[in-house]
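> Pasting the sequence and the predicted coordinates here, then a few questions.
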Amino acid sequence: MRTTPIRVLLCDDHELVRRGLHSLLDVAPDIEVVGEASTADEAISAAAGLQPQVVVMDVRMPGRSGIDACREIRAANASIRVLMLTSFADDEALFTSIMAGAAGYVLKQIKGADLTDAIRQVASGRSLLDPAVTQRVLARLRGEITSTGDALDSLTKQERRILAQVAEGHTNRQIGETMHLAEKTVKNYVSNILMKLGLSRRAEVAAFIVRRQAERADSNWP
């Protein structure tokens, strides 16, 4: 039986949402809200300083996404469990959240009692993924892994074109203008590309490409 409260960090760009969550969790005797954050960068910094057991993270935040924050928080401390919170049932966000190391994914429409139970579950080491969700993720993973098993082969043609421009040092805005895509769309593409290649930041892309081209002299990339 737990003798100390579960330390929770709340991350959402809307103050009213954070206040509501804070008030909800305050009545749970086994949960303690130790901090709040309104951006991904604030969340990463707060997680490092406060060392919560569970981070309740909004998927969509201004600037970098909650998924980016989840990935960095988990990279710095794998013992921290991240529960993604979103307004939309989005398979793409679900997939990238899981690949970023999230322990669970719940909708903001969740009932208060169910949310506190979800926090307890992820704090105890369990994951909040039902069988249907797991099957969709596994199916997608199988579809992205080719017979060569090379990370570059998991990229779509569009992702390869964007990767080439990232490697040349182009910004998301420049890539969007060249490819007639919204800057936010490019940002999502870049996040997915980094996740597939196992990279944490775009500055690593050029070195990755040079290394892979040396390893695969007969590669037809991109």
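Looks like it arrived, so ask away. Everything numeric here is computed off the predicted structure, so don't read it as measured data.
> Spatially central residue in this structure, please.
I67 (2.2 Å; CA atoms, centre = their mean).
> Do I have it right that that one meets N192?
No: between I67 and N192 there is no contact under CB atoms under 8 Å: 9.6 Å. All C-beta spots, glycine's among them, are computed from the backbone N, C-alpha and C.
> Name the residues contacting each of those two.
T96 (CB atoms under 8 Å, 6 or more residues apart in numbering).
> that's a strand at G35, yeah?
Yes: judged by DSSP: H, G, I helix; E, B strand; the rest coil, G35 forms part of a strand.
> Cross-check the contact I'm expecting between it and L50.
Yes: contact criterion CB under 8 Å: G35 and L50 qualify, at 4.8 Å.
> any shared contact partners between the two?
In contact with both G35 and L50: L9, using CB under 8 Å, 6+ apart.
> more crowded one of the two?
Per other CB atoms under 10 Å, whichever of G35 and L50 has more neighbours is G35, with 18 against 15.
> Against Y189, how distant is that one?
32 Å (CB to CB, to the nearest Å).
> and what of I98?
With CB to CB as the criterion, I98 and Y189 are 18 Å apart.
> Give me the next element, helix or strand, following the lowest-mean-pLDDT helix or strand in the chain.
One helix or strand of the chain scores below all others by mean pLDDT, DSSP states H and E: helix 131-144, with a mean of 52. Under the assignment DSSP states H and E, the closest C-terminal helix or strand after helix 131-144 is helix 157-167.
> in this protein, which spans are strands?
6-11, 31-37, 54-58, 81-86, 104-107 (DSSP state E).
> Run the angle between the longest one and strand 6-11 for me.
An angle of 30 degrees separates the directions of strand 31-37 and strand 6-11 when computed by axes from the mean of the first three to the mean of the last three CA atoms, to 10 degrees.
> Strand 31-37 - contacts with which helices or strands?
strand 6-11, helix 15-26, helix 40-50, helix 112-123 (3 or more CB pairs under 8 Å, 6 or more residues apart in numbering; DSSP states H and E).
> related to what we said a few turns ago, and the residue nearest to the centre of the chain, what pLDDT?
In this model, I67 is scored at 88, pLDDT.
> With K157 instead?
pLDDT, read off for K157, is 86.
> all numbers from here: first residue = 25
Okay, residue one is now 25; in that scheme the one you just asked about reads as K181.
> what's around it, how many residues?
8.
> That one and K208: what is the separation?
21 Å.
> Then S151?
Distance from S151 to K208, by CB to CB: 29 Å.
> Which residue is the nearest non-sequential neighbour of P86?
Nearest residue to P86 in three dimensions, chain neighbours excluded: D37, at 5.6 Å (CB to CB, 6 or more residues apart in numbering).
> That neighbour contacts S62, correct?
Yes: D37 lies in contact with S62 (CB under 8 Å); the separation is 5.0 Å.
> For the two, list the residues in contact with both.
In contact with both D37 and S62: M85, using CB under 8 Å, 6+ apart.
> Can you get me a residue count around the nearest residue to A52 once chain neighbours are set aside?
Nearest residue to A52, sequence neighbours excluded (CB to CB, 6+ apart): T140, at 4.9 Å. For T140, the count of nearby residues is 19 (other CB under 10 Å).
> Any figure for the gap between T140 and N212?
Counting by CB to CB - T140 and N212 are separated by 31 Å.
> can you check E56 too?
E56 is 34 Å from N212, by CB to CB.
> of those two, who's got more company?
N212 (18 against 15).
> what's the pLDDT at that one?
If you check N212, the pLDDT there is 84.
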